[in-house]
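Need a 3D model of the sequence below.
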Amino acid sequence: MQNLDVSWNAHLALNVTQICHCLKIEKGGISLYLTDHDRPLLFLEHDYVPDDNLHIAPAKFYRNLLDDKFEILTAIGDNGLSYDLIEADHLQDAQFYLYQVNWGKPDEYNLLKIGVVGNIYIEEAQLKIALHGIAKPLEKRHNRLLQEKCDAQFGGNRCNIDTGLAIYRKLGQISLLKTTHSFEIELPAGVDSGYFDGGSIEWQSGENTNIGAEKLRIMRQFKLSDSIHSIILQRAAKYPIALEDELKLTVGCDKSFETCRDRFANGAEFRGFDQMPGKAFKFTYPQRISPENLV
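Numbering: from 1, shown residues only. Below you'll find the predicted structure:
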């Protein structure tokens, strides 16, 4: 529970209260002072401008920095929230302070929330602003994330693999239908089982060529014989699959170091941290070196 000032508690105990909201938004040396009161209000040595259209959703105080993200709604106009200000990006990630104030006696107030401005939506000259808790910036990723998996886009500049090479693509023809998302396909000899796991298919003939560049992901690829393989897709095709439909299969990557090294011979370009300890129990906490550990 929030510890409220004695004078503020006394005001709340009255049968009739005089409470309004004061909202301060600041970023890069620019500060906005708005209130949902019906006239200007001098509060904490700043003049707060009345905004008849300002609507503030009910907000709660949280001591544990919980981000309960709430919204304010107002009209775009001369009250400070203008198109110029929005286009100049003076609202996104700005700091905000939301107060409850006794407009009859402004030295009685309660700091309700501190946080950062999130997404901004504009619809028919109405402005909706999402306000987040003070811990919201901690959720942003800065620089690289320490993780075992590679963080490069497969086939991108940081990956340095050309997925257009013939070794990474194979053309095949459907030889047996099983379900809406599984079938057998005839591929050139030499393709190993699992080579196209996590890869994608593009239709070269049949009704599904109408979907254009849309690709379906391959869940599993089993080798049944030298040239026949079983394919299971992650989801059903958009249109019915027919015998002798032609497909182009493109290899995929599960972002592990072993796949990068063994399948693509690309370990030097791996963009993860493959030396991180695994999930084995003995690596989950520091251990004291003792004669027993050395055995």
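
how far away is the residue nearest to Leu98 when sequence neighbours are not counted from Tyr48?
Leaving aside its chain neighbours, Leu98 sits nearest to Lys113 (4.4 Å; criterion: CB to CB, 6 or more residues apart in numbering). In short, each C-beta sits where N, CA and C put it, glycine included. As defined by CB to CB, to the nearest Å, Lys113 lies at a distance of 16 Å from Tyr48.

Name the residue in these two with the higher neighbour count.
Neighbour comparison, Lys113 and Tyr48: the larger count goes to Tyr48, with 26 against 20 (by other CB atoms under 10 Å).

Just confirm the more buried one contacts Asp36, I think it does.
No - counting by CB atoms under 8 Å, Tyr48 does not reach Asp36; the two are 9.6 Å apart.

May I have the beta-bridge partners of Leu111?
Tyr99 (DSSP bridges).

my read: it touches Tyr97, true?
Yes - at 6.9 Å, Leu111 and Tyr97 qualify as touching, with contact defined as CB under 8 Å.

neighbour-wise, which of these two wins?
Comparing Leu111 with Tyr97 by other CB under 10 Å, the one with more neighbours is Tyr97, at 17 against 13.

count of residues packed around Lys255?
For Lys255, using other CB under 10 Å, the count is 20.

May I have the phi/psi pair for it?
phi 70, psi 20 (degrees, to the nearest 10).

per-residue confidence for it?
Note on Lys255: pLDDT of 89.

And it, how close does it get to Ile56?
44 Å.

repeat for Ile167
When Ile167 is compared with Ile56 (using CB to CB), they lie 60 Å apart.

So those two - more neighbours on which side?
Set Ile167 next to Ile56 and count neighbours by other CB under 10 Å: Ile56 wins out with 19 against 9.

Assess the claim that the more buried one and His21 are in contact.
Yes - using CB under 8 Å, Ile56 is in contact with His21, at 5.0 Å.

what's the overlap in contacts for these two?
Residues touching both Ile56 and His21 (CB atoms under 8 Å, 6 or more residues apart in numbering) are 36, 98.

show me where pLDDT drops low in the stretch 151-295 of the chain?
Residue ranges of the stretch 151-295 of the chain with pLDDT under 70: 212-214, 277-295.

how many neighbours does Asp192 have?
10.

In contact with it: list those residues for me.
Contacts of Asp192 (CB under 8 Å, 6+ apart): Lys223.
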